[in-house]
Structures are given as C-alpha cells and as structure tokens.
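[1] Below is the structure, and that's it, no one-letter string:
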C-alpha cells in the first residue's frame, strides 16, 4: 500500500515551453502533497505544499508564477513548469501525506531536461 | 528554525561490516526525526521515524536509530551491511505545527564494497 506515482518519469523539452508533471496517490487519499526539487548529488529542497482544493503554499524563493501547482483532487497534484529554461533542469519529486500522521510517501521522481 | 546536518557526505564500508551514519539536528521545539533511503534515479523510501516514546527506533532492512536529545542526534546504524544497501541516505526533521514539512540533511552516500 501507500504508492505514489509520477508521470512522466523523464521529459525533455525546448526552452520556452511548458511542462506538466503529475503526481498521484494510487491507493490512499492524500490530504497534503509536497513538491521537491533535487539537484545532482544534493539534498531535496521543498518547493511548495499543496492541499486539496486550496492554493499551494510556496517556499521562500520559489516563483509561484513559474511553478504552477494544482491539487484538484485527493489523489492528484500537478506541477507545471512554465516557460522552462535550462536552469530549470532538475529532478522533481513529489510526496503525499495521508493516513499515517507525519509519514510522507514519495513518488519515483521526474527528470526534467530543458534544452 | 529547524535544521539538519549529516556529518559525512560519503561512507565507504565493506560488506558485512557495521555502519553508522551520523545526523545532528537543531530545533527550538519538539522534533520528529526521519531517515530515508534513495536508490539511484528513484524517490525516497522511509527507513524509520521517531515521533515519541522509545528513543531506540527499529526500521526496515535491519536499520535502527537512536534519538539522543542531549546530543541532538539521531544516528542511523546497521550491524552488518549488504551490497544492496548502497544508496543515498537522508536524515530529515519535522515537528508539530510544521504542516508536515520535512527539512532534509545534505545526504550521506553509503558505498558497500565486497
């Protein structure tokens, strides 16, 4: 149980285009979902927290107009990287919390490469 | 504010040897502590967590960690490692009223050699 999926696993896009990444909780309802960014050989940096049906809360320094987060249902959150640039290339990981308190279940990540 | 420091960026060890991955935290409030493992190009998997109660926490894959409040530490240990334990390990801290947010340490790369 407690499986989180992400789609796509890898995506390559041209500079200036937008990319949408989906995060789904497959067998539980996620009251809260989190989006992280991870650079090579580095730790995870929290980008934003999203609760179903409400606006996401962004961490300091994260551009909310560039990284659009939608949490339309208790099983789906999406991250859209708008007008992507090469510096947005990174590994994006989502996690979902639901059921067991203070336990986050992580997706497998999405590797974004902007050319 | 909360923070986490993992004291070793890389830990090489031979198979069947014991290992300790060190983690220190800083917090002015109550803490919840976690260890996660990340295999290459994958998400994170929870190894164990401390919320309250017994300071010795046992997790999956034979790992355990001890919460030491006086030393503000939460070191991860395994008495005998396997090749398959080779991965990146992250210590993380959260707490009540944090909205579930996790603050991660920098990670420790455990490399198990035959």
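    Received, thanks. Just so you know, these numbers come straight off a predicted model, no measurement behind them. Residues are numbered from 1 along each chain as shown, chains lettered A, B, ... in the order given.

[2] Count the residues that sit near the closest residue to chain B within chain A.
    Taking Cβ to the nearest Cβ, chain B has its nearest neighbour within chain A at residue A:106, 3.7 Å off. To be clear about C-beta, it is placed using only N, CA and C from the backbone, and glycine gets the same treatment. Neighbourhood size, residue A:106 [other Cβ atoms under 10 Å in any protein chain shown]: 23.

[3] how near is the closest residue to it other than its chain neighbours to residue B:66?
    Among residues not flanking residue A:106 along the chain, residue B:43 sits closest, at 3.7 Å (Cβ to Cβ, 6 or more residues apart in numbering or on different chains). According to Cβ to Cβ, to the nearest Å, residue B:43 and residue B:66 sit 26 Å apart.

[4] Please identify which of those two sits among more neighbours.
    residue B:43 (23 against 15).

[5] in terms of contact, does the more buried one touch residue A:104 like I think?
    No: counting by Cβ atoms under 8 Å, residue B:43 stays clear of residue A:104, with 10.1 Å between them.

[6] which neighbours do the two share?
    residue A:95 (Cβ atoms under 8 Å, 6 or more residues apart in numbering or on different chains).

[7] And residue 98, what's its pLDDT?
    Just so you know, I chose chain A. Looking at residue A:98, its pLDDT is 77.

[8] You answered for a different chain; I wanted chain B.
    If you check residue B:98, the pLDDT there is 77.

[9] likewise residue B:86?
    Residue B:86 is given a pLDDT of 96.

[10] Not counting its neighbours along the chain, what's nearest it?
    Leaving out its chain neighbours, the residue that sits closest to residue B:86 by Cβ to Cβ, 6+ apart is residue B:112, at 4.8 Å.

[11] Equivalent analysis for residue A:111, please.
    In space, residue A:111 comes closest to residue A:10 once its chain neighbours are excluded; the distance is 4.6 Å by Cβ to Cβ, 6+ apart.

[12] ok, that neighbour - contacts?
    Applying Cβ under 8 Å, 6+ apart, the residues contacting residue A:10 are A:110-111, A:113.

[13] surely the residue of chain A closest to chain B meets residue B:45?
    Yes: between residue A:106 and residue B:45 there is a contact at 7.1 Å, judged by Cβ under 8 Å.

[14] what sits in contact with each of the two?
    Shared contacts of residue A:106 and residue B:45, defined by Cβ under 8 Å, 6+ apart, comprise residue B:36.

[15] For the residue of chain A closest to chain B, name its beta-bridge partners.
    Beta-bridge partners of residue A:106, counted by DSSP bridges, are residue A:95.

[16] contacting residues around it?
    Going by Cβ under 8 Å, 6+ apart, residue A:106 touches A:4, A:93-95, B:36, B:43-45.

[17] Up against chain A, what does chain B have?
    Proximity of chain B to chain A (Cβ under 8 Å from any Cβ of the partner chain) is limited to residues B:32, B:36, B:41-46, B:49, B:51, B:90, B:94, B:99-107.
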